[in-house]
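Engineer: sequence and predicted model, in that order:
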Amino acid sequence: MEIIHVSAECYPVAKAGGLGDVVGALPKYQCKAGHIAKVVMPMYRTKFLYENEWTVDFKGHANLGNWFFDFTIIKEKNNKLGFDLFLVDINGLLDRQKIYGYDDDAERFTAFQIAILNWMNNWEHQPDIVHCHDHHTGLLPFMMKYCYDFGRLQQVPTVFTIHNGQYQGWMGWDKSRYIPRWDLWKRGMLDWADTINPLASAVKCASKITTVSWSYLDELRYNANGLEKLFDYERGKCMGILNGIDNEVWDPATDKYLEHHFTVKTVAAGKQKNKELLCERFGLDKDKPLFVFIGRLVGEKAADVLPEAIMSAIGNSQGQACFLVLGSGETQVEWQFQQMIDPYRGLFNAVIGYDEALSHLMYAGADFLLMPSRVEPCGLNQMYAMRYGTVPVVRSTGGLKDTVVDMGDKDGFGIRFNNATSGDIEYSIGRGIAVYKDKAQLEKMWKQMMQIDHSWESVVDAYIAVYESLR
């Protein structure tokens, strides 16, 4: 099968979150399974762009309303990522360093999608599947079905994967002129609550909808930022497929970012050596349990309640645990963590920003990973942590609920709690401190979690089955 993945992100080209990790891995493993998977994304001005070789695949022109633009599609020459990678360049729109956050994002991603369809319209053949990821590609199913210029693509099946349903790409109806000539009788396929809603449009128009965990699919029926009724109505064509992780990148036995490698047989010694490096670097006590947080410092991740929870845990446990935070996001939360460094020196530290190498060391050296997320469609961090023998401490939501079994349950290896509150987080930290002292129990949990198969190989077949059902 030939599968075209369309996305705003793809690791290591450009990544803002889990979407980039998924699109950087799933196509690679689909190719390994014998299919032809390709990725198309915007040509941001990133380090990856300048460090690799490219050929021009196509040059074309299109229009965004009254604005006519030229576009170029280039292809990475050496199949470096394990699949064909194509970048779409539109001067004035996509030639920027950041992925998101511009006032004209609606124009940027609409033009990006129009360029892709113009390109595909010129192919001598048709792909078997167009797989769209999140709202930045949400207009593709509509345009393939109802835009007159793309009639030859009308029969190509589309799969739309929702990585985060909170962001929907809303546009006012004044921007309907951006969409190439379309069947005006199909206005309802674009509309939700009197706006153009690309995510809602994709749910209506795509052949199949997938979410990145089973529980998240259920949650969207009562927590979908205004689309709850739509997900309930369309549930017949929706299914959850849990994300995988790239076991070639995330492997404590071979990780290029680690000085001290380990396996499930050498986990105790290996984790201790990595922990010592981490604690020495950040002035923490290597003999105390180390809890870490890695991620965006935003409300979705419940980062706003973490400072209070950590301070309470330190105070009420009389300093029995250490904490390290890596992330960036809301200014107020960043400031709170920075203000905690001096008063809690020796027990707490924080790095504001993102550092890929440091994140790998933290997964390898930490004892516990904190994930108190309010919303977590799948979550990859808890799977990375388990692969490295780090106990996930998670809120029971979305993919966290699907992947982490509480240590109080049969065959449990993690710590789960119900509410994204300081009290629940502090209580769970206390459970972690207690189990840290029980080395036999901790070692049993390490071995159990490290042997769980969350690889993409185990996931690819589920996606292929979805594609096959549409042929």
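Structural biologist: Alright, I've got the coordinates. In this text, all values refer to a predicted model and were calculated from it rather than measured experimentally.
Engineer: next, the distance between the ends of stretch 251-259.
Structural biologist: 13 Å (Cα to Cα, to the nearest Å).
Engineer: buried ones in it, by neighbour count?
Structural biologist: Under the neighbour-count criterion of 16 or more other Cβ atoms under 10 Å, stretch 251-259 has 251-252, 255, 258 buried. (Each C-beta comes from the backbone N, C-alpha and C, glycine too.)
Engineer: which ones among those are found in strands?
Structural biologist: With DSSP state E as the criterion, strands contain none of those.
Engineer: rebuild the residues you listed as CSV, extending it with distance to residue 100.
Structural biologist: Shown next, in CSV, are the buried residues of stretch 251-259 (distance: Cβ to Cβ, whole Å):
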residue, distance to residue 100
251, 30
252, 32
255, 29
258, 31
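Engineer: so which of those residues comes closest to residue 370?
Structural biologist: Residue 370 lies nearest to residue 252 out of the buried residues of stretch 251-259, by Cβ to Cβ, at 19.9 Å.
Engineer: surely the closest one and residue 261 touch.
Structural biologist: Yes: using Cβ atoms under 8 Å, residue 252 is in contact with residue 261, at 6.2 Å.
Engineer: what sits in contact with each of these two?
Structural biologist: Common neighbours of residue 252 and residue 261 are listed as residue 270 (criterion: Cβ atoms under 8 Å, 6 or more residues apart in numbering).
Engineer: report back the residue of this protein that's furthest from centre.
Structural biologist: When distances are taken from the C-alpha mean of the chain, residue 318 lies farthest, 36.3 Å away, according to Cα atoms, centre = their mean.
Engineer: where's that one relative to residue 470, distance?
Structural biologist: 59 Å (Cβ to Cβ, to the nearest Å).
Engineer: pLDDT wise, what is the residue farthest from the centre of the chain at?
Structural biologist: On the pLDDT scale, residue 318 is placed at 95.
Engineer: SS state for it?
Structural biologist: Three-state assignment for residue 318 (DSSP: H, G, I helix; E, B strand; the rest coil): coil.
Engineer: name the residues that touch the helix or strand harbouring residue 74?
Structural biologist: Assigned by DSSP states H and E, residue 74 belongs to strand 67-76. Contacts with strand 67-76, where a contact means Cβ under 8 Å, 6+ apart, come from 40, 43, 52-63, 84-93, 111, 115, 118-119.
Engineer: go with 6 Å
Structural biologist: Here strand 67-76 makes contact (Cβ atoms under 6 Å, 6 or more residues apart in numbering) with 52, 54-61, 85-90, 115, 119.
Engineer: what do you get for stretch 432-452?
Structural biologist: Contacts of stretch 432-452 (Cβ under 6 Å, 6+ apart): 264, 267, 289, 320-321, 368, 386, 389, 393, 413, 415.
Engineer: filter those residues down to the buried ones, PyMOL style.
Structural biologist: Burial among the contacts of stretch 432-452 is assessed by 16+ other Cβ under 10 Å; the matching PyMOL selection reads:
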select buried, resi 267+289+320+321+368+386+389+393+413+415
